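> structure, please.
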Amino acid sequence: MRYILALALLAAGVPAQQVAANESLAAVKGVVTNAVTGERLRKAFVRLQPASGNSRPATTDEQGRFSYENLKPGSYKLEAEHVGFIASLLSDAAGTSVELHLTTGETADVNVKLIPQAAINGRLLDSDGDPWVHGSIGVYRSVFRQGKRRLEGTGYDGGMLDDQGQFRLGQMAPGTYYLKGESDGGWEQFNRLPSEGQLLPSWYPGSLDFENATPIVLAAGQEITGLEIRLRRSATYRIRGMVSGLDTLPKTSPQGARIGRMVWASPVSGVGSSNHNVDLRADGTFELQGLPPGEYDVDLHQGPVELGHVTVRVDDHDVDGAVIEATPAHGLKGSVRFEGNEAGQIAGLPFILRGLDSGASQISRTREDGAFDFPLVSAGRYWLFGPDEAKYYVKTLRYDGKESRNGVITIANGDGPLELVLSARGARIVADVKRGDAVAPVLAARVVLVPDTERSTERAFGTRPAVRDQNGVYSIGNIAAGAYRLFAFESVPEEAWVDAEFWKEIRSKGADLHISEGESRNAEVPLVTRPEIAPLLSRLGME
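Numbers count the residues shown, from 1 in each chain. Next up, the predicted model:
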């Protein structure tokens, strides 16, 4: 067929070079549809993003169709959006993002399914049940991260409350959410006497404790109206204290600028109240105001770095005499090189250092000689990551003479050195997902490669998700040598495999893989269905 087409083009006067060029290119065509009804969506906006370079826009026609011609072979991501729907990347039924891997002369035919957006409408009320306009609404979800159940902000914003305290949360994906109403602390400070008490952040429908909050379950396209959040009023108190050991901390940055220091107070539970912060005084003292009763983590921060900590309990009175012991901090120097004679762009590689206890992050980029540094790092546990997993993997990471297999390092009093070796000789796996004895492969699953270890940190930071292409092929590249378990889940909470009890019961359901450097192989993995693990998830309190 291509031969006949080429002859026709030549007969029409098209140069042979142009015919060859056209045959070496690829194309994408497809439709954008409603994920619930299957209806085709006209005037949807589509973006095709190559692995490098600018994205290409398109708009669907009256039948919801779009197309891209004359594409260079390679990897692409496809995203679509439409009024009334959640913008989405091309993905499968399990929610796994699908990359387009286009080969010479290929035309990929795809269907981008958009989920109808949901919405919540309601009012914020004061403690007497009257409309409250000086406040905001926060939207949270319960997630499983690094072996613990946590609350995580969603990024949805209630915007401005109107003159009746009404709010609308739109463009929401289906799921389970928790809403928190919060009064404007600045407004309260200037307009309310201390003796009146303060309106405290409250969870829907009106609880100070997250444990007593009522979850809101949204279906695709559902709109909830008439919801009310009542704020609770309470007396508030102060924490006064000082920082000990300030003389051990640098007063200026490496560039000579003076470094500001702040003291933060946040609930130990991580939920239920806003964070409070204040500048540290020159004499090392501080005073935090407006705190309702509860237990707080009180931390000293210098930029993104936590340099001291104390836990304080606030009951029905002010707290005096809190002392934060300053933790000495140092600059952390590192260097990176490529293994052997491998060539790669060494300058400008980004590395991120994230505190596992504080959650704060710093970023540094390599210089021409491969050196990089973080100006101020305190003692603690950190996760270092950054190289592009599509190109390299960290073959060796050593800090202070000790090797790390997952990028996690523990910093005590030393300042390094931190040494990394990058390699492009990682292994590659193509996963073939099967359901029971069925012959046909499963084309919608969440496939992950998990280090086969009892250490939860190695499972948390060593897990690699598979990328699925338009043909239903799941692949993982640039894998470090080692022992792994390969899983395919129909549905599973994020990082559930980090939990020790979950891992104990699920480990045998994964494919056992021992991977060598540079190896490339196909691996068959059985699908773990939702009903198989539902009782375990319920017992562990995982959604």
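> Gly221: which element?
In this structure, Gly221 is located outside every helix and strand according to DSSP states H and E.
> ok, now which ones touch it?
36, 115-118 (C-beta atoms under 8 Å, 6 or more residues apart in numbering). From N, CA and C alone the C-beta is placed, and that goes for glycine too.
> shaky segments in the stretch 301-450 of the chain?
341-344, 387-390, 413-416, 439 (pLDDT under 70).
> in it, which spans are strands?
305-314, 319-325, 329-338, 350-355, 361-365, 371-378, 380-385, 393-399, 402-403, 408-411, 418-423, 427-434, 446-451 (DSSP state E, counting those that start in this stretch).
> so what secondary structure elements neighbour the last one?
Strand 446-451 is packed against strand 427-434, helix 456-462, strand 464-465, strand 474-479, strand 482-489, with contacts defined by 3 or more C-beta pairs under 8 Å, 6 or more residues apart in numbering; DSSP states H and E.
> and the second one, which residues are buried?
Read that as helix 456-462. The neighbour-count check on helix 456-462 (16 or more other C-beta atoms under 10 Å) flags 456-462 as buried.
> as CSV, could you dump the C-alpha coordinates of it?
Provided in CSV are the C-alpha atoms of helix 456-462 (Å, rounded to 0.1, in the frame of the first residue of the first chain):
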residue,chain,number,x,y,z
SER,A,456,9.9,0.3,54.6
THR,A,457,12.1,3.3,53.6
GLU,A,458,13.7,1.2,50.7
ARG,A,459,10.2,0.2,49.5
ALA,A,460,8.9,3.8,49.8
PHE,A,461,11.7,5.5,48.0
GLY,A,462,12.8,2.6,45.7
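> which helices and strands does that helix pack with?
Short answer (3+ C-beta pairs under 8 Å, 6+ apart): helix 456-462 packs on strand 408-411, strand 446-451, helix 500-506.
> go on, the fourth one?
With contacts defined as 3+ C-beta pairs under 8 Å, 6+ apart, the packing partners of strand 474-479 are strand 427-434, strand 446-451, strand 464-465, strand 467-469.
> hmm, 6 Å instead?
strand 427-434 (3 or more C-beta pairs under 6 Å, 6 or more residues apart in numbering; DSSP states H and E).
> roughly how far is the strand it packs on from the heart of the chain?
Computed by C-alpha atoms, centre = their mean, to the nearest Å, the chain-centroid distance of strand 427-434 equals 24 Å.
> name the residues of it that are buried.
In strand 427-434, counting by 16+ other C-beta under 10 Å, buried: 427, 429, 431, 433-434.
> residues in contact with it?
441-442, 445, 447, 466, 474-477, 479, 488, 515, 519-520, 522-527 (C-beta atoms under 6 Å, 6 or more residues apart in numbering).
> got the angle for that strand vs strand 482-489?
Strand 427-434 runs at 30 degrees relative to strand 482-489, counting by axes from the mean of the first three to the mean of the last three C-alpha atoms, to 10 degrees.
> got the angle for strand 427-434 vs strand 446-451?
130 degrees.
> select only the buried ones of the contacts of Gly221 in ChimeraX?
Applying 16+ other C-beta under 10 Å to these, the buried members can be selected in ChimeraX as follows:
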select :115,116,117,118
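> between the contacts of Gly221, which is nearest Leu102?
Ile115 (26.1 Å; C-beta to C-beta).
> against Thr396, how distant is Gly370?
The gap separating Gly370 from Thr396 is 14 Å, by C-beta to C-beta, to the nearest Å.
> lowest pLDDT pick from the buried residues of helix 456-462?
Ranked by pLDDT, these bottom out at Thr457 (83).
> give me the nearest residue to it, chain neighbours excluded.
Nearest residue to Thr457, sequence neighbours excluded (C-beta to C-beta, 6 or more residues apart in numbering): Val408, at 5.3 Å.
> Pro57 now?
Arg47 (5.6 Å).
> residues touching that neighbour, list them.
55, 57, 79.
> tell me what it is bridged to.
Note on Arg47: beta-bridge partners Pro57, Glu79, judged by DSSP bridges.
> same check, this time on Asp299
With DSSP bridges as the rule, Asp299 is bridged to Trp264, His309.
> state the pLDDT value of it.
Per the predicted model, pLDDT is 91 at Asp299.
> next, the closest residue to Asp283 other than its chain neighbours: phi, psi?
In this structure, Asp283 finds its nearest non-sequential neighbour in Met242, 8.0 Å apart by C-beta to C-beta, 6+ apart. Per-residue torsions, Met242: phi -150, psi 160 (degrees, to the nearest 10).
> roughly how far apart are Met242 and Gly284?
5 Å.
> domains in the chain, by residue range?
If you go by automatic domain parsing, the domain ranges for the chain are 24-114, 118-234, 237-250+259-325, 329-423, 427-540.
> give the buried residues for stretch 97-110.
Those would be 98-102, 106, 108, 110, for stretch 97-110 by 16+ other C-beta under 10 Å.
> measure it end to end?
Terminal residues of stretch 97-110 lie 13 Å apart, using C-alpha to C-alpha, to the nearest Å.
> now that stretch, how far from the centre of its chain.
For stretch 97-110, the distance to the chain centre is 27 Å (C-alpha atoms, centre = their mean).
> can you pull up the bridge partners for Gly74?
Under the criterion used (DSSP bridges), Gly74 bridges to Leu102.
> mind checking which helix or strand Thr214 is in?
Judged by DSSP H and E, Thr214 forms part of no helix or strand.
> so who does it touch?
204-205 are the contacts of Thr214 under C-beta under 6 Å, 6+ apart.
> one more time with 8 Å, if that's ok
So Thr214 contacts 203-205 (C-beta under 8 Å, 6+ apart).
> now the helices: where do they sit in this structure?
2-11, 16-23, 185-191, 456-462, 500-506, 530-540 (DSSP state H).
> touching, the residue nearest to Asp283 and Leu280? I think so.
No: if you go by C-beta atoms under 8 Å, Met242 and Leu280 don't touch, sitting 9.2 Å apart.
> among these two, which residue is more densely surrounded?
Under the neighbour definition other C-beta atoms under 10 Å, Met242 and Leu280 were set side by side, and Leu280 has more, 19 against 16.
> gap between that one and Leu536?
Counting by C-beta to C-beta, the gap from Leu280 to Leu536 is 47 Å.
> want to try CSV for the buried residues of strand 427-434, with distance to Ala94 as columns?
Output for the buried residues of strand 427-434, formatted as CSV (distance: C-beta to C-beta, whole Å):
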residue, distance to Ala94
Ala427, 24
Ile429, 18
Ala431, 13
Val433, 10
Lys434, 15
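> report the beta-bridge partners for Val525.
According to DSSP bridges, beta-bridge pairing links Val525 with Val433.
> list the contacts of it.
Going by C-beta under 8 Å, 6+ apart, the list of residues near Val525 reads 431-434, 447, 486-488, 510-511.
> one more time with 10 Å
Val525 makes contacts with 429, 431-434, 442, 445, 447-449, 466, 474, 485-488, 509-511, 513, as judged by C-beta atoms under 10 Å, 6 or more residues apart in numbering.
> from those residues, list just the buried residues.
Of those, these count as buried by 16+ other C-beta under 10 Å: 429, 431, 433-434, 442, 445, 447-449, 466, 474, 485-488, 509-511, 513.
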